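1. Fold the following, please.
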Amino acid sequence: MSGATRRSWIPPVAHHRPLPRTPDDTGAQTTTTTTRTRTTSTTSNRLTTILYSAVAGVAGGMEPSPLTHQPRPEVFQPKIVRLYEALFKDFPEDEADAAVELEKSEGFWKEFFLLKPDRPSLKRILDETTPGDLLHLHRAQTRQLFARAVAALKNPSGVADLHALETLSTFMIAVLAKKYTNPSSDIIEVLAGLDHVDTVLTEFVGQLEQFIRNGRSRPGTKGCCPNLVGHKDREQGTACTYRGDLQQRAVEVALAVTSGAYQTSLLTYFIQRDLFPAIIHCITSPTPEPEERIPKPFMLLGLLANYSKFEFQNPYQLRLNDFVNEQVIKRVVQSVGQTCLKLRNQYIEVQEDLPEGWTLSGTLSGTLNKIGLGVIAPGGKPPPKPVYDEETAKKMFSELPGHDAAVLLATYDFTHANKLFSLALVTDAATEKGQEQPFASFISLTSYLLQHAHLSQRTTYYSHLNLMVFRLLIEDPNLCRRMCSEESKVPVRLCRQRSPYLPLIRAERVMATAVMDTMVDAINHNLRRRLDVGLYTLCVGILLRIISYMSRTRTRLQYHWAELFRSLLSLIRFLNTYASDLKGLSQIDTLLDHAVNLLALGLSAGETFLPTPAAYDDLFYKIVETGEILVKFRTTYGLANRPSNSIDTLISVSTHYKEMLDGNGGKALGKRTGGGQLTSLQVAEVIKQGYETLSIQAKEGLDSWEKYREADERRVLKMMAREAVGDVKGLIGGF
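-> All right, here's what the predicted structure looks like:
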């Protein structure tokens, strides 16, 4: 730049000079105004002089200003992240310096909890720290952070309590996920130290209980929230969610500890301090969208109730037994239904499985589209969902259900322990018109779980869990009567993502028929050489219990019985074909008895529950058709020597009709039609004729079964608790 150009710029000094006074202004201004005007004028003149001198100095070749231009950083680092690094990364190598800097100042911690937490950054910093470093280098810092966070809960200032809870949740997730040599003692060292663990953790759990119970509404606090942070757009007239937010964050901290330390002794502090009343109070708190705020407290209750429940008398189990608050139970049931609906819809997002209905609007839209007038079709079609190839869909299905499925563990425990909850689960209607009934959503989700149970062990465990809920409900005669009555009719969407398909029922149906469809689908879609015998025993056992009840009470339901009996006989064929792989499996004998005895019950008492003679005839036809396989089946598994098995009943019926078909009755029909093989109609005619000479020697107790004992499912329930713990970690860790 030339010298002429440099000298051509003149700073706008005149703009900063004070304006001249008019005669009218002299007597009108106060002393304060005069002082402010003079101060402003003086400051402006000084700024002008500094600016003019700097420019003139550069233009005249004088020494440049010491002020330098700092380059703009590519990424701005939040102040709270710098505090995280000061706490965990800026660690002096010299031990003497370290001892001085270990204890952070009061100002540091006040600022720490007033700033909004950056949870991903805190987790990243802690994840980068090894368990050894936490124990030896950063032990003092972790203890300080934990103690200061608890102190912020005890004496909140502004939003420090909310930030402390969010920080604690992230901190616990990261710290408890480490692989320690001695988990219980090492975690105690990181959090408090052996000398102070009882005092610190007791105070910690006590503060959590208060926040879970009451949130912000505690003695000594004013207003619903500081600076309207709990109101939408900070408008005074909107509903405040701050109390509910605090409760949810406290529950998340408790979930982080419960899931992270599930195999350690730390949970004894949650067992000794009864959190049940606080959790129930949290569930009943009047907050917007309560169904969305109930699942996490309910999950917490499920984890606590399952903690070492087979080793000692868990107090949370006793609480579930004695609980009688119907309003709370109804809220929980509605929340369970909404969660099941959400989990079910995740499967539908991968693959839409419901055929498009034949409605007037749909037909009209289709016609208009065909003739090029789709623009005027009533009601636009929703955008089509993406269609995935088979491998991609299979991978996506294997990752389902989502982490919210952990709520199913608590659902099982409440069903097992509490008759009032079981009744509400089966009978409660939807709260709004057009919504699914909670139990209909539960049945629907179970059907999707069972069709994909083979894809992952996790899905298998959740399938087992829901089947155990069905078994508990069916074994209660009052609930079974309700499920088999016309009063229970509801529409239920069942999974149709894999063939073979059962008949599609769009209308309302009796609940028991939807449960039976779910069991039949499970039998059809999980046949593997490595058979899940426990799952099949549950499915066939549930069918046996429903049909036993129907037989005793002479309840006849309209149902596609042919599909049920076909599936049972297909299962017997499969068991016969792969006997070498299946003989030594646990519970195989129980499965064999259930399958055979259910068919024998149909033969001996079918007229008591089958709705039409045609359905009864069809069962006999299928037994006759499978006669040779049944004989081989008896020999392969040695069923003739099992007093609890009714295979001889099936074979005697098959033999009776085989003799008729090979004898005069069959020959007469053959001659009537010109000889040759008999048609299915002719065989059916022989079956009707054979009723007169048939004598079914059925064993006693075909409609009896053993009542559910939780101890028999101990291994599965322990594994299920671990899966739920993993899902809670994933749910809380996703922030």
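
2. need the contact list for the spatially most central residue of the chain.
-> Nearest residue to the geometric centre of the chain (CA atoms, centre = their mean): residue 404, 1.7 Å. Shown in contact with residue 404 (CB atoms under 8 Å, 6 or more residues apart in numbering): 295, 339, 342, 343, 727, 731. All C-beta atoms are positioned from the backbone trio N, CA, C, and that covers glycine.

3. Pick the one among these closest to residue 124.
-> Of all the contacts of residue 404, residue 124 sits closest to residue 731, with 19.3 Å by CB to CB.

4. The closest one: neighbouring residues, count only.
-> 21 (other CB atoms under 10 Å).

5. any idea what sits nearest it, other than its immediate chain neighbours?
-> Leaving aside its sequence neighbours, residue 731 sits nearest to residue 403 (CB to CB, 6 or more residues apart in numbering; 3.9 Å).

6. per-domain residue ranges of the chain.
-> According to automatic domain parsing, the chain comprises the domains 1-20+37-64, 79-288, 343-353+419-713.

7. Just the mean pLDDT for the longest one, thanks.
-> Taken as a whole, domain 343-353+419-713 has an average pLDDT of 92.

8. gap between the two ends of it?
-> Domain 343-353+419-713 has an end-to-end distance of 25 Å (CA to CA, to the nearest Å).

9. Which residue ranges of the stretch 51-200 of the chain form helices?
-> With DSSP state H, counting those that start in this stretch as the criterion, the stretch 51-200 of the chain has helices at 79-88, 95-101, 106-114, 119-127, 131-136, 139-154, 160-176, 183-191, 197-214.

10. now, of these, which is deepest in the fold?
-> helix 160-176 (a mean of 24; mean count of other CB atoms under 10 Å).

11. What ranges does the stretch 351-500 of the chain have for its helices?
-> Under DSSP H, counting those that start in this stretch, the stretch 351-500 of the chain gives helices at 360-370, 390-398, 407-417, 419-427, 438-451, 457-475, 477-484.

12. Please identify the deepest-packed of those.
-> Of all the helices of the stretch 351-500 of the chain, helix 438-451 carries the top mean neighbour count, a mean of 26, counting by mean count of other CB under 10 Å.

13. give me the low-pLDDT residue ranges for the stretch 51-200 of the chain?
-> For the stretch 51-200 of the chain, applying pLDDT under 70 flags the ranges 51-70, 72-74, 90-102.

14. of all the contacts of residue 404, which two lie farthest apart?
-> Pairwise over those, using CB to CB, the maximum falls at 342 and 727, 13.6 Å.

15. which of those two has more neighbours?
-> A side-by-side neighbour count of residue 342 and residue 727, using other CB under 10 Å, places residue 727 first with 23 against 19.

16. Thought residue 403 was touching that one, still the case?
-> Yes. Assessed by CB atoms under 8 Å, residue 727 is found in contact with residue 403 at 4.3 Å.

17. Count the neighbours of the residue nearest to residue 731 for me.
-> 18.

18. circling back to that earlier point, out of the domains of the chain, the one nearest residue 302 is which?
-> domain 79-288 (9.8 Å).

19. Run a quick neighbour tally on residue 733.
-> A count of neighbours around residue 733, defined by other CB under 10 Å, yields 18.

20. How about it, nearest residue that isn't a chain neighbour?
-> Using CB to CB, 6+ apart, the closest residue to residue 733 is residue 173 (5.2 Å).

21. residue contacts, that neighbour?
-> Applying CB under 8 Å, 6+ apart to residue 173 gives the contacts 123, 256, 260, 729, 732, 733.

22. Report the separation between residue 443 and residue 340.
-> Between residue 443 and residue 340 the computed distance is 9 Å (CB to CB, to the nearest Å).

23. What separation do you get for the nearest residue to residue 85 once chain neighbours are set aside and residue 82?
-> Nearest residue to residue 85 in three dimensions, chain neighbours excluded: residue 125, at 6.9 Å (CB to CB, 6+ apart). Noted for residue 125: a distance of 11 Å to residue 82, by CB to CB.

24. Quick check on residue 509: phi, psi?
-> phi -140, psi 160 (degrees, to the nearest 10).

25. correct me, but it touches residue 491?
-> Yes. Judged on CB under 8 Å, residue 509 makes contact with residue 491 at a distance of 7.3 Å.

26. ok, those two, which is more surrounded?
-> Each of residue 509 and residue 491 has its neighbours counted (other CB under 10 Å); residue 509 has more, 20 against 14.

27. What sits closest to the more buried one if chain neighbours are left out?
-> Excluding its sequence neighbours, the residue lying closest to residue 509 (CB to CB, 6+ apart) is residue 489, at 6.1 Å.

28. Equivalent analysis for residue 342, please.
-> Closest to residue 342 by CB to CB, 6+ apart is residue 404, at 6.3 Å.

29. How about the contacts made by residue 174?
-> Contacts of residue 174 by CB under 8 Å, 6+ apart are 122, 123, 126, 127.

30. give the contact list for the closest residue to residue 260 other than its chain neighbours.
-> Leaving out its chain neighbours, the residue that sits closest to residue 260 by CB to CB, 6+ apart is residue 176, at 2.8 Å. When contacts are counted by CB under 8 Å, 6+ apart, residue 176 touches 187, 256, 257, 260, 261.

31. rerun that using 10 Å as the cut-off
-> When the contact criterion is CB atoms under 10 Å, 6 or more residues apart in numbering, the partners of residue 176 are 183, 187, 190-191, 256-262, 264, 266, 729.

32. now swap in residue 483 and tell me
-> For residue 483, the contact set (CB under 10 Å, 6+ apart) comprises 426-427, 439, 470, 473-474, 476, 510-515, 546, 549.

33. any idea how far residue 575 is from residue 533?
-> 10 Å.

34. Residues that sit against both of these two, list them.
-> 582, 588, 591, 592.

35. so which of the residues you listed comes closest to residue 564?
-> Checking these one by one against residue 564 (CB to CB), the nearest turns out to be residue 591, at 16.3 Å.

36. OK, contacts around that closest one?
-> Per CB under 10 Å, 6+ apart, neighbours of residue 591: 531, 533-541, 571, 575, 582, 585.

37. 6 Å instead, please
-> Residue 591 is in contact with 533, 536, 537, counting by CB atoms under 6 Å, 6 or more residues apart in numbering.

38. Ok, residue 175 next?
-> Taking CB under 6 Å, 6+ apart as the test, what residue 175 contacts is residue 190.

39. ok so, going back, state the distance from the residue nearest to residue 260 to residue 657.
-> 66 Å.

40. ok so, going back, as TSV, the contacts of residue 173 with distance to residue 637 and secondary structure would be great.
-> What follows is those, written out as TSV (distance: CB to CB, whole Å; DSSP: H, G, I helix; E, B strand; the rest coil):
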residue	distance to residue 637	secondary structure
123	55	helix
256	50	helix
260	47	helix
729	43	helix
732	48	helix
733	48	helix
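
41. List just the nearest of these to residue 695.
-> The shortest approach to residue 695 among these belongs to residue 729, at 61.4 Å (CB to CB).

42. The residue lying closest to the closest one once chain neighbours are set aside: neighbour count?
-> Computed as CB to CB, 6+ apart, the closest residue to residue 729 that is not its neighbour in sequence is residue 259, at 4.8 Å. As a burial measure, residue 259 scores 26 neighbours (other CB under 10 Å).
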